[in-house]
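Visitor: Give me the fold of what follows.
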Amino acid sequence: LTAAAVLVTYTIRGWRWQALLAPLGGASFRNAFRITVIGFTATNLLPGRLGEIVRPYLIARVEPVAAPAAFATVVIERVLDLGCVMLLFGVFLLTTAIDVGPDVRWAGLAAAVGSAVALGTLVFGAAHPHVLRRWASSATGVVPGRAAAPARRLSHTLVDGLAALRSPQSLALAAAFSLALWVAIAAGIWCASRALDLTMPFPAAFLIMMYLVVGVAVPVPAGVGSFHFMFQLAATQFLGASLPQASAAAIVLHAVTVLPISVLGLLYMAQDGWTLARLRQVDQA
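Guide: Numbers count the residues shown, from 1 in each chain. You can find the predicted model right below:
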């Protein structure tokens, strides 16, 4: 069931990216899904969260979308992700008797405020592109010499990539997909935990999910180590799990989440003539 939930999450990611790319020229689901899988494979197997750079580059090769504009949609995805994680964490707080303590509550509140400010800034910039262009021009004005003009053009293209936020339909669809995505991720966490006899109410998966988001933010391939530590911390501190039980659940969840999609990504890369070494060259370029 966890493996099925993982496949569902990547299907939803493909649909969401389609919705965000629609105002920029559009993309087929096939390309959005395949490149999303390749991007996450690069993030899983290479350091530095390379997939965030690879996806816009690859989609621009096969669809009528500029790579910098496509990168702006990746930024929008991350803001929507944070907002949904905080929303579901709020659902957990309202539906459980588990006492997470003031530190976790305040950290969640700070992250919620931060995500709201980030989304508000993006929406404002999308509604007033001339203002954002002026800010971008001022910021790139400090770039010396010949690099100034390319930097200015790049910043303006990124601003243009916020067009999805000027389309209420595209933004609403992307937000709905984001919420469905994180519910599916929570379902995978819950199923893997139950498989290792770590029983908990379903909303508790939202708590573990918030901890895992912090863990995978560490720039190591696939979040190895940090993912497991954060799962163990949440499960032992709040759910009464023993350390061996929490460790086993973390290892199984991580393996089922990372290994199958990475194998599929390597298959797609081989079909398209890409290797991990070539993807690293994209980042260097």
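Visitor: helices or strands next to the helix or strand encompassing Ala42 in the packing?
Guide: Per DSSP states H and E: Ala42 is located in helix 29-45. With contacts taken as 3 or more C-beta pairs under 8 Å, 6 or more residues apart in numbering; DSSP states H and E, helix 29-45 sits against helix 2-21, helix 51-62, helix 243-272, helix 276-284. (Glycine included, C-beta is placed from N, CA and C.)
Visitor: Distance across stretch 18-31, terminal residue to terminal residue?
Guide: Length of stretch 18-31, first residue to last, C-alpha to C-alpha, to the nearest Å: 9 Å.
Visitor: now do the same end-to-end measure for stretch 159-176.
Guide: 23 Å.
Visitor: what's the closest of the helices and strands packed on helix 29-45 to Cys191?
Guide: In terms of C-beta to C-beta, the element of these nearest to Cys191 is helix 2-21, at 4.5 Å.
Visitor: which sections of the stretch 1-150 of the chain are below the confidence cut-off?
Guide: Judged against pLDDT under 70, the low-scoring parts of the stretch 1-150 of the chain cover residues 125-126, 132, 136, 140-142, 145-150.
Visitor: cool, the stretch 151-285 of the chain as well?
Guide: Using pLDDT under 70, the flagged stretches of the stretch 151-285 of the chain are 151-158, 283-285.
Visitor: returning to what we had before: take the helices and strands packed on helix 29-45 and lay them out in TSV including distance to Ala69.
Guide: Listed next are the helices and strands packed on helix 29-45 as TSV, based on distance: least, C-beta to C-beta, whole Å:
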stretch	distance to Ala69
helix 2-21	9
helix 51-62	8
helix 243-272	22
helix 276-284	17
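Visitor: between the ones you listed, which gets nearest to Arg34?
Guide: Taking these one by one with C-beta to C-beta, helix 243-272 is closest: 5.0 Å.
Visitor: Pipe the helices and strands packed on helix 29-45 into a markdown table and attach distance to Val218 and mean neighbour count per row.
Guide: Formatted as a markdown table, the helices and strands packed on helix 29-45 follow (distance: least, C-beta to C-beta, whole Å; neighbours: other C-beta atoms under 10 Å):
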| stretch | distance to Val218 | mean neighbour count |
| --- | --- | --- |
| helix 2-21 | 20 | 21 |
| helix 51-62 | 15 | 21 |
| helix 243-272 | 13 | 18 |
| helix 276-284 | 18 | 13 |
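Visitor: Could you check how far Ala27 is from Tyr10?
Guide: Distance, Ala27 to Tyr10, by C-beta to C-beta, to the nearest Å: 15 Å.
Visitor: Ignore what I typed, I meant Arg55.
Guide: Distance, Arg55 to Tyr10, using C-beta to C-beta: 13 Å.
Visitor: Tell me how many other residues crowd Gly225.
Guide: Neighbours of Gly225 under the rule other C-beta atoms under 10 Å: 12.
Visitor: Got the phi and psi for it?
Guide: Backbone geometry at Gly225, expressed as degrees, to the nearest 10, gives phi 90, psi -60.
Visitor: State the three-state secondary structure for the closest residue to it other than its chain neighbours.
Guide: Spatial nearest neighbour of Gly225, chain neighbours left out: Val218 (7.9 Å); criterion: C-beta to C-beta, 6 or more residues apart in numbering. Here Val218 is recorded as coil under DSSP: H, G, I helix; E, B strand; the rest coil.
Visitor: Likewise for Gly48?
Guide: coil.
Visitor: any idea how far it lies from Arg280?
Guide: Distance, Gly48 to Arg280, by C-beta to C-beta: 9 Å.
Visitor: For stretch 19-26, which outside residues touch it?
Guide: Contact with stretch 19-26 is made by 18, 27, 32, 59, 63-66, 69-70, 73, 76-77, 160-161, 163-164, 166-167, 170, 173-174, 177, as judged by C-beta atoms under 8 Å, 6 or more residues apart in numbering.
Visitor: Buried ones in stretch 187-199, by neighbour count?
Guide: Neighbour counts over stretch 187-199 (16 or more other C-beta atoms under 10 Å) mark Ala187, Gly188, Ile189, Trp190, Cys191, Ala192, Ser193, Leu196, Leu198 as buried.
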